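**Student:** sequence and predicted structure below; questions after.
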Amino acid sequence: MSELSAATRSRVAILGAGSRGAGAYGSYILRRPDLAQVVAIADPRPDRLAAAGAQHGVPAGNLYASWERLIAEERALDAIIIATPDTMHLAPALAAIARGIAILLEKPISLTEPEVRHLLAAADRTGADVTVAHVLRYTAFFARIKELLDRGVIGTLQCVRHTEHIGYWHFAHSYVRGNWRNAATAAPMILAKACHDFDILHWLIGAPCATISSFGRLGHFTAANAPEGSTGRCAEGCAVERTCPYSAHRIYLEKFPPADRWPHAVLSIDTSAEGIAAALHEGPYGRCVYRCDNDVVDHQVLLMHFENGVDATMTVSAFTGEVTRTINLMGSLGEIAGDFNANEITVTDFSLGDRRTSNLSIPGDALHGGGDDGLMADFLGRVQERRRRGGAPEASTSLRASVVSHLMAFAAERARASGQCTGLTM
Ligand SMILES: NC(=O)c1ccc[n+]([C@@H]2O[C@H](COP(=O)([O-])OP(=O)(O)OC[C@H]3O[C@@H](n4cnc5c(N)ncnc54)[C@H](O)[C@@H]3O)[C@@H](O)[C@H]2O)c1
């Protein structure tokens, strides 16, 4: 790296060196040393802190056990990536806004509507540059659908059917055994998982949502559904372990052979087969899915009406074989059908009776359909532009744009809990 390019690189701090902070964003910076360098990291887990520090060559003095000291002591930062757990987004974001540092903020913005509005007000007061990690907008798949809609290819959009297929094993990993299982320590499932989907619907439909109805419950992952002969942990002699689709052993050691990435990297820093087996023996990911402390819903169905007249349905479900999102956009002159995981978009033009399928070519291991890299390229590009010119345009997923998705999720949760159709105030 020449001295000149070293000087143009943005100085970035990472708060939370977990799957997202070190895995998705830190790894992008390692691949693009011309754009940025990680100069400080905070994480209370010594193993993660040391591993991320070594990867980025961060001196020991710039490694912190918590975000508070990092923000107080690091004086020459261009950007901060906030990838701490859900309950710890608001406070570091407020601190970084007060310091005038550009922020990449993981979703959810925060866990309650007053907190989200409070953060937006703070950012508005100072003109802070806050980008929310709604990565789907940065994927080739959704960008192409947006372009087709904006070109009027299907006439006037009338209604949308959107489904988030979480995947049975993925749901068990994150929402039964994992970090997002309990509403006391994480966001409700509809916010944690589907704020991305609300964001995409709002962006594609192009108008605020006016009303939402919603139904959903924790239908399956409860003690009442535990099969006879099952045990507290899959490895404790469970009688149905060999046939249970949720068996931890089958998921982490057979379906997905251990690898140094998500989901295994969530279980243990040692992602060898032995390390994963040890984690299943002792840690939360080896527990029986019917005997966890989970309370978040495992499926939720929504009906939405938007201010421009468009109506939409959304289903978010654990009970799917594929991990994907499918969408049907129905317009006055045509229809768009898409499968995110397959990278397949089909456009039907009613007047021509013509059906065209586009298969987008996205690198096989690109995370979130290329959205993680797209987000980072956009964010770091704007940070550099801000340094060069003293300003940069707002991100597509700015805090202001992103708040809408969260207000939709809070309204959906109120509608589900009350059984009442709920109006939204933006
Ligand atoms: N944009 C997306 O698509 C997407 C996908 C997955 C997760 N997320 C969100 O990203 C965030 C991080 O998720 P993750 O999967 O990386 O979780 P993780 O548990 O792997 O990482 C979080 C890290 O924060 C650290 N931490 C805890 N307290 C801290 C403190 N006081 N100071 C600094 N660090 C602290 C933890 O030790 C952990 O290493 C969550 O809010 C999650 O909802 C977003």
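**Tutor:** Ah, there it is.
**Student:** tell me where the stretch 201-350 of the chain has helices.
**Tutor:** In the stretch 201-350 of the chain, the helices defined using DSSP state H, counting those that start in this stretch lie at 248-249, 264-267, 273-282.
**Student:** and what of the stretch 51-200 of the chain?
**Tutor:** 67-73, 90-99, 113-126, 140-150, 168-171, 189-192, 195-205.
**Student:** roughly how far out does the second one sit from the chain middle?
**Tutor:** I take that to be helix 90-99. Helix 90-99 has its C-alpha centroid displaced from the chain centroid by 20 Å (Cα atoms, centre = their mean, to the nearest Å).
**Student:** ok, and what's touching it?
**Tutor:** The contact list for helix 90-99, computed with Cβ atoms under 8 Å, 6 or more residues apart in numbering, reads 15, 67-68, 71, 77, 80, 82, 84, 103, 105, 109-110, 115, 118-119, 122-123, 126, 128, 130. In short, each C-beta sits where N, CA and C put it, glycine included.
**Student:** ok, back up a step: buried deepest among the helices of the stretch 201-350 of the chain, which one?
**Tutor:** Greatest average neighbour count among the helices of the stretch 201-350 of the chain goes to helix 248-249 (a mean of 24), per mean count of other Cβ atoms under 10 Å.
**Student:** where does pLDDT dip in the stretch 1-150 of the chain?
**Tutor:** 1-7 (pLDDT under 70).
**Student:** same question for the strand or helix carrying residue 375, mean pLDDT?
**Tutor:** Using DSSP states H and E, residue 375 sits within helix 371-389. Average pLDDT, helix 371-389: 95.
**Student:** check stretch 162-174 too.
**Tutor:** Regarding stretch 162-174, the rounded mean pLDDT is 98.
**Student:** chain center to stretch 140-153, what's the gap?
**Tutor:** Offset of stretch 140-153 from its chain centre (Cα atoms, centre = their mean): 22 Å.
**Student:** likewise stretch 43-54?
**Tutor:** 22 Å.
**Student:** on that earlier part again, out of the helices of the stretch 51-200 of the chain, nearest to the ligand?
**Tutor:** helix 67-73 (3.9 Å; Cβ to the nearest ligand atom).
**Student:** buried residues in the closest one?
**Tutor:** Of all the residues in helix 67-73, those buried under the rule 16 or more other Cβ atoms under 10 Å are 67, 70-71.
**Student:** near the ligand too, which of those?
**Tutor:** Restricting those to those touching the ligand (Cβ under 6 Å from any ligand atom) yields residue 67.
**Student:** near the ligand, which residues of the chain?
**Tutor:** Looking at the ligand, the residues of the chain close enough under Cβ under 6 Å from any ligand atom are 15-21, 42-45, 48, 66-67, 83-86, 88, 106-107, 133, 135, 179, 192, 266, 368.
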